[in-house]
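S.K.: Let's see this in three dimensions:
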Amino acid sequence: MDIKYLKGVGEKRADAFKKIGINKLEDFLKFIPRSYINKILIKDIQKYNDTNVIVSGRIIDIAYPGKVNHPLRIFLNDGTGSTEIPIFGRSEFRSKQFQLDDEFAFWGKITEGFYTTRFQLSYRDHLKINKNIKSENDFLKFPLIPVYELQGALKKTWIKPLLLSKIVYHAFLTLIESNSIIETIPASVLTQGNYISKKDAIIKINFPKDFEDVETARRRLAFEELFYLELILALKKRNIKKEQKGISFTKSIDKLIESFNSTLDFELTQAQKRVMNEIFKDMNSNHVMNRLLQGDVGSGKTIVSLFAMLVSVENGYQSALMCPTELLAEQHFKTVSEFIQKFNNVSGSNHKVVLLVGGQKKKFREELLYDIKNGKTHFIVGTHALIQEKVEFNNLGFVVIDEQHKFGVMQRAKLKEKGFNPDVLVMTATPIPRTLSLTYYGDLDVSVIDELPKNRKKIKTVLRTENDKPKIFEFVKDEIKKGRQVYIVYPLIDESEKLDLKSAEENYIKLKEGIFKNYNIGMVHGRILSYEKDEQMQAFKEGKIEILVSTTVIEVGIDIPNATIMIVEEAQRFGLSQLHQLRGRVGRGAEQSYCILVGKNLDEISRKRLNILCATTDGFKIAEEDLKIRGPGEFFGIRQSGILNFSCTDLNKDQDILMTARSIAFKMIEDDPHLRKPENEVVKKEFFRNYKDSLYLMKIA
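M.R.: Numbers count the residues shown, from 1 in each chain. Prediction:
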């Protein structure tokens, strides 16, 4: 059925729905209420003071405004009592819109009355009730009225919240009457988890009797979302493990370990040794490794990945390390080059390391590409330049992707395609809560470095306000006198009238010409040219710059051991995990380091959030809190799309559902990988209806 024939829609509104992806009746199944409003009797109005409600009834009186800026006052009676509804706006238009004896539903907040009644309804929305066809508004009979998101094109039309609820009600009514709501979960699974049917869930979440109905339905629909996600991850993991024959790195590593340890000027932590064993065990098998390496800031992930790349190279294969930025790629190149040079001296090897980024001179780049193609280069560090068509590897056997959430699915896939089923290690310095790990990375084997090197001093973190700035800057001067360096981070580049945030550029000038006029001060942010950023960072590394003003471009990968102070302005504007990453830019050397969070106009919630960071340096604890506060879509500092766009799932409180869904999904694929059993037919059909694209993306990721 074309939705233009649905009650309340028509041709023009149908076009608005089509622009947000609602082309047919079944598409309304994507509509999940974002909240609910109590439909109340007017006699009970005093119980709902300062609350949004819906009332419906007959207009028994209208008081027209005596002055231009006064409201039109409507008096509504539902048989149990009356209330006054002041409506501001063009009175001549409003007086035609509302007539005596007309029936309406009104949505608004109950407030103290200003005119003739003790309580009144502050108007937000209305819906006219056809006295001759009252069944059109049957959705108003429910005690909880669903409120749906007015998104995209709908915002630009005359569709308002109450009308949208009415339209969606008729859509679901038609779907239910025509038996068009198809079950998506096998009966045995529903019984196992004590879940209601899809049809019952749809009815209860859209037309609930109470909030218990809402939660019962939400949990059932959340299970479905998580079940199909985990099913996709299980299929991908099986495809990698069972169907893709990988490289088996079988050469003995005894001599490699001896040379590797001799090259190090520090002792590996037990966590690093454990993770290296996990990775080598995978590399030694003939299955493709697909592993996530998690580790807090400064936990030593890079040296672990370097060991794995050496295993690949010692077995006659090439290794590639892909980074999201040139700055990070250059830093990794420096680290890898210095280590491999020492390793070559110790072991008698002749391994070669190159850097491949954009903007390199043509002749130099052609030489690099020639050596990569002919196997003369063993370690290739770079940005997305690694996946360009002209880049051909001789025998790529191992791939490391750093801060992998900043790459798209297709970018990761293209790098893997440069070799024949190479082993893959993806790394992140953002500690990931278990629930998020099982959803976003559920197809990967996970290794966690949960121990910091023993010689690291704990970074002292404090929360301060604008009034403390003079003392903070005096402390900065004292540290600089000791030969230390300082970061000052701002949340925006340009001033924003709406958000009153500080600007890196303007404050850089104020600091440079004011309190720090006798100091060397530099600046980097996302809009300056790449070579300018590189020059500033190099000068900071060499100690020529004492204070570096920045935005969050220094969040990941910058390693300046002499920098001991991190000042974050407007700290309440950042996510906790992002602040933790920024804090990780100091404390890289032997000296005591400090992170000073400067807040402005802090409310109770902001203060509570920032105090979490002051209380702990445990990235995993911080990540859990960050997930609770910001949700999965914002967790990494960028909006995620695709598999984390849940309608009903709340990862903070649905951990039990996630674990059940994962267990059932993985067992189903283990027992019936092609979903051929009769009891799994419903799952197979649902895959082809709604998950084909997701399955394709997960296969190539």
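
S.K.: now the helices for the stretch 1-150 of the chain?
M.R.: Here the stretch 1-150 of the chain has its helices, by DSSP state H, counting those that start in this stretch, at 10-19, 91-97.

S.K.: Out of these, the one nearest Ala539 is which?
M.R.: Nearest to Ala539, of all these, is helix 10-19, at 50.4 Å by CB to CB. Where you see a C-beta, it was placed from the backbone N, CA and C, and this is true even at glycine.

S.K.: Outside of that closest one itself, list whatever touches it.
M.R.: Residues outside helix 10-19 that contact it (CB atoms under 8 Å, 6 or more residues apart in numbering) are 2-4, 9, 23, 152-154, 156-157, 159, 167.

S.K.: Which parts of stretch 164-179 count as buried, going by neighbours?
M.R.: Neighbour counts over stretch 164-179 (16 or more other CB atoms under 10 Å) mark 164-175 as buried.

S.K.: So, low pLDDT: which residues of the stretch 351-500 of the chain?
M.R.: 404-412, 492-500 (pLDDT under 70).

S.K.: cutoff 90 now
M.R.: Residues of the stretch 351-500 of the chain that meet the criterion pLDDT under 90 lie in 358-360, 383-385, 387-389, 402-421, 427-446, 448-458, 490-500.

S.K.: all strands for it, in order.
M.R.: Secondary structure of the stretch 351-500 of the chain (DSSP state E, counting those that start in this stretch): strands at 353-356, 379-382, 396-402, 423-428, 445-449, 460-465, 485-489.

S.K.: closest to Ile37 out of those strands?
M.R.: Here strand 460-465 is closest among the strands of the stretch 351-500 of the chain (CB to CB), at 38.3 Å.

S.K.: list the buried ones in that closest one?
M.R.: 461, 463.

S.K.: re the thing from before, give me the buried entries from the contacts of helix 10-19.
M.R.: Those of the contacts of helix 10-19 that meet the buried threshold are 3, 9, 153-154, 157, 159, 167, by 16+ other CB under 10 Å.

S.K.: wait, which of the contacts of helix 10-19 is closest to Asp265?
M.R.: Lowest distance from Asp265 to those (CB to CB) belongs to Gly152, with 57.1 Å.

S.K.: So that closest one is in contact with Ile22, correct?
M.R.: No. With contact defined as CB atoms under 8 Å, Gly152 does not reach Ile22; the gap is 10.1 Å.

S.K.: Counting residues, which helix of this structure comes out longest?
M.R.: When the chain is scanned for its longest helix (criterion: DSSP state H), the result is helix 211-238.

S.K.: circling back: keep only those of the buried residues of stretch 164-179 that are in helices.
M.R.: Members of the buried residues of stretch 164-179 lying in helices (criterion: DSSP H): 164-175.

S.K.: follow-up on the earlier one: let's have the buried residues of stretch 164-179 in TSV, adding distance to Leu292 and pLDDT.
M.R.: Output for the buried residues of stretch 164-179, formatted as TSV (distance: CB to CB, whole Å; pLDDT from 0 to 100):
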residue	distance to Leu292	pLDDT
Leu164	41	90
Ser165	43	91
Lys166	47	91
Ile167	44	90
Val168	40	90
Tyr169	44	91
His170	46	90
Ala171	41	91
Phe172	40	91
Leu173	46	89
Thr174	45	89
Leu175	40	91
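
S.K.: Could I get those residues in TSV, plus columns for distance to Ile185?
M.R.: TSV is the format used below for the buried residues of stretch 164-179 (distance: CB to CB, whole Å):
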residue	distance to Ile185
Leu164	28
Ser165	27
Lys166	30
Ile167	28
Val168	23
Tyr169	25
His170	27
Ala171	22
Phe172	19
Leu173	23
Thr174	23
Leu175	18
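
S.K.: which among those gets closest to Lys517?
M.R.: For those, the nearest to Lys517 is Leu164 (58.4 Å; CB to CB).

S.K.: So which of the strands of the stretch 351-500 of the chain is nearest Ser82?
M.R.: Counting by CB to CB, Ser82 lies closest to strand 460-465 out of the strands of the stretch 351-500 of the chain; the figure is 50.6 Å.

S.K.: How far off centre is that closest one?
M.R.: Distance, stretch centre to chain centre, for strand 460-465: 27 Å (CA atoms, centre = their mean, to the nearest Å).

S.K.: quick one on the thing from earlier: can you name every helix or strand that the longest helix of the chain contacts?
M.R.: With contacts taken as 3 or more CB pairs under 8 Å, 6 or more residues apart in numbering; DSSP states H and E, helix 211-238 sits against helix 198-206, helix 434-440, helix 655-671, helix 692-700.

S.K.: now the ones you listed as a markdown table including mean neighbour count and distance to Met537?
M.R.: A markdown table is the format used below for the helices and strands packed on helix 211-238 (neighbours: other CB atoms under 10 Å; distance: least, CB to CB, whole Å):
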| stretch | mean neighbour count | distance to Met537 |
| --- | --- | --- |
| helix 198-206 | 21 | 52 |
| helix 434-440 | 21 | 30 |
| helix 655-671 | 18 | 41 |
| helix 692-700 | 14 | 35 |
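
S.K.: In CSV, list those helices along with distance to Leu235.
M.R.: Shown next, in CSV, are the helices and strands packed on helix 211-238 (distance: least, CB to CB, whole Å):
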stretch, distance to Leu235
helix 198-206, 22
helix 434-440, 15
helix 655-671, 6
helix 692-700, 7
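
S.K.: comparing those, which gets the lowest mean pLDDT score?
M.R.: Of all these, helix 692-700 carries the lowest average pLDDT, namely a mean of 53.

S.K.: quick one: the strands in the stretch 201-350 of the chain?
M.R.: Counting by DSSP E, counting those that start in this stretch, the strands of the stretch 201-350 of the chain are 290-295, 318-322.

S.K.: weakest of those strands by average pLDDT?
M.R.: Note on those: strand 290-295 shows the lowest mean pLDDT, a mean of 88.

S.K.: Mind giving me the packing neighbours of that one?
M.R.: Packing partners of strand 290-295 (3+ CB pairs under 8 Å, 6+ apart): helix 270-284, helix 301-314, strand 423-428, strand 445-449.
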